[in-house]
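Visitor: I would like to see how this sequence folds:
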Amino acid sequence: MKQHLGYDRKIAIVGATGNVGRLTLQLLLQRGVIPKESIITFASATSAGKTLEILDTSFILQELKEDTLAQASLWGFNTEAEVSQQWIPKILSVGGRVADSSSYYRQDPKVPLIVGPVNLADAKDAQLCALANCVSSPLMCVLKSLMPLGIKVLRITTFQSTSGAGKLAMEGFLQETKLFTSAMNGCVESAKALGSMPFYFGRPVAFNVLPQVGGFDDQGYCSEENKILSEIQKVLDKELKISVTTVRVPVLVGHCSDLTVQFQEAIDLNQVCSLLEGDSFLKVSDDIVPPQEVVGKDQVFISRLRALKGFPKEVKMWVASDNLRRGAALDTVEVLEYLWKQY
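Guide: Presented below is the predicted three-dimensional model:
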């Protein structure tokens with residue numbers, strides 16, 4: 001691995017002003033593994049020079065430029081794929097190490113795909129790590145615990161919040177909700193505004209569900225379904241048979257999945273429950289766990305765990321997690337802390 005050109009032991013967060021970037025900084029400060037004096041932040045040109053306040057700590061935002069690449073030895077990218085595509089090769093060329101939460105490198109066979117509780121050690125010798133997305137990461141946390149039982153087939157239906165599409169999607173959802181509520185109460189102006197509103201998802205998500213996350217391919221699968229399938233296979237087992245349907249729901253934060261697991265042989269539900277309860281990053285609940293109740297929590301929550309009547313090899317469960325944490329900010333922090341400790 002190349003020696004980094006910078007002299008300071010610094011960590012850089014790119015995309016610091018976004019939902020995930022701000023939470024990444026918050027978690028870094030709260031966990032305290034990396035000193036706050038060692039953290040620098042990057043955002044868009046319009047934010048450059050401004051101050052970002054996180055937990056009483058001030059960060060001066062910079063624009064990412066060629067002459068800034070030697071400022072840090074470790075980089076966390078909480079950005080869109082286009083930004084990662086443009087800048088990560090340049091950082092790698094000067095010896096930087098990168099944890100990338102975008103989708104750009106996830107299916108590159110030369111780049112390890114990391115889920116902290118599952119395969120963090122795969123990041124040890126990697127100059128670049130990709131991070132699994134905010135649905136496949138929590139699912140793999142669950143499935144990792146069950147792999148010793150011999151998993152054959154997965155059937156997944158997701159229920160994904162608007163925050164998974166970013167701040168503009170959340171703001172659009174809130175505005176839709178306000179206008180719909182007002183229009184239903186007789187406000188003519190709100191009804192007119194809805195008629196001309198450019199809905200972020202193409203259709204209103206407020207008071208609605210949309211059985212599509214991402215664009216469709218020629219086989220009728222949307223991009224998010226293909227991501228989940230390929231990411232789980234890459235990390236856990238390329239031979240796993242997986243069926244996925246993704247749904248966008250009118251929720252701000254919190255992704256949920258209806259997960260059915262088919263094993264190679266007839267399964268004892270008590271054994272399944274025991275394995276899931278043995279991992280600290282999971283929480284098995286006897287009560288239902290809706291998305292509102294997982295916001296701000298690091299664990300992946302499992303509820304409605306049950307054997308399927310007439311299907312002795314299958315179990316079904318509801319999986320819920322804070323999508324801004326697991327599969328996003330928390331995964332970024334876990335990798336960066338792991339790499340930091342190697343120095």
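
Visitor: which residues in the stretch 51-200 of the chain form strands?
Guide: Along the stretch 51-200 of the chain, the segments classed as strands by DSSP state E, counting those that start in this stretch run 51-54, 57-63, 74-77, 97-100, 113-114, 128-131, 151-160.

Visitor: out of those strands, deepest packed?
Guide: strand 74-77 (a mean of 28; mean count of other C-beta atoms under 10 Å). Any C-beta I mention is one placed from the backbone N, CA and C, and that applies to glycine too.

Visitor: okay, residue 66: pLDDT?
Guide: For residue 66, the pLDDT comes out at 94.

Visitor: Counting neighbours, what do you get for the residue lying closest to it once chain neighbours are set aside?
Guide: Leaving out its chain neighbours, the residue that sits closest to residue 66 by C-beta to C-beta, 6 or more residues apart in numbering is residue 90, at 7.1 Å. The local packing of residue 90 (other C-beta atoms under 10 Å) involves 12 other residues.

Visitor: starting at the chain centroid, how far to stretch 77-90?
Guide: Offset of stretch 77-90 from its chain centre (C-alpha atoms, centre = their mean, to the nearest Å): 16 Å.

Visitor: Quick one: mean pLDDT over it.
Guide: Rounded mean pLDDT across stretch 77-90 is 96.

Visitor: Contacts only, for residue 311.
Guide: When contacts are counted by C-beta atoms under 8 Å, 6 or more residues apart in numbering, residue 311 touches residue 262.

Visitor: Distance check, it against residue 154.
Guide: Here residue 311 is placed at a distance of 14 Å from residue 154 (C-beta to C-beta, to the nearest Å).

Visitor: any residues in contact with both of these two?
Guide: Common neighbours of residue 311 and residue 154 (C-beta under 8 Å, 6+ apart) are residue 262.

Visitor: The residue nearest to residue 66 contacts residue 65, doesn't it?
Guide: No. Residue 90 lies out of contact with residue 65 (C-beta atoms under 8 Å); the separation is 10.1 Å.

Visitor: how does the protein divide into domains?
Guide: The chain breaks down into these domains under automatic domain parsing: 11-132+329-340, 137-161+209-323.

Visitor: Now the terminal residues of the longest one, how far apart.
Guide: For domain 137-161+209-323, the first and last residues are 9 Å from each other (C-alpha to C-alpha, to the nearest Å).

Visitor: repeat for stretch 159-166
Guide: Start-to-end span of stretch 159-166 (C-alpha to C-alpha) is 16 Å.

Visitor: could you give the mean pLDDT of that stretch?
Guide: The pLDDT scores in stretch 159-166 average 96.

Visitor: Okay, buried residues for that stretch please.
Guide: For stretch 159-166, a neighbour-count test (16 or more other C-beta atoms under 10 Å) marks 159, 160, 161, 162, 163, 164, 165 as buried.

Visitor: got the CA positions of the worst-scoring helix or strand of the chain on mean pLDDT in CSV?
Guide: The helix or strand of the chain with the lowest confidence, counting by mean pLDDT, DSSP states H and E, is helix 188-195 at a mean of 94. Output of helix 188-195 as CSV, limited to C-alpha atoms (Å, rounded to 0.1, in the frame of the first residue of the first chain):
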residue,chain,number,x,y,z
VAL,A,188,-58.6,25.2,-2.1
GLU,A,189,-55.0,26.7,-2.3
SER,A,190,-53.5,23.5,-1.0
ALA,A,191,-55.5,21.4,-3.4
LYS,A,192,-54.2,23.6,-6.3
ALA,A,193,-50.6,23.3,-5.0
LEU,A,194,-50.9,19.5,-5.0
GLY,A,195,-52.1,19.6,-8.6
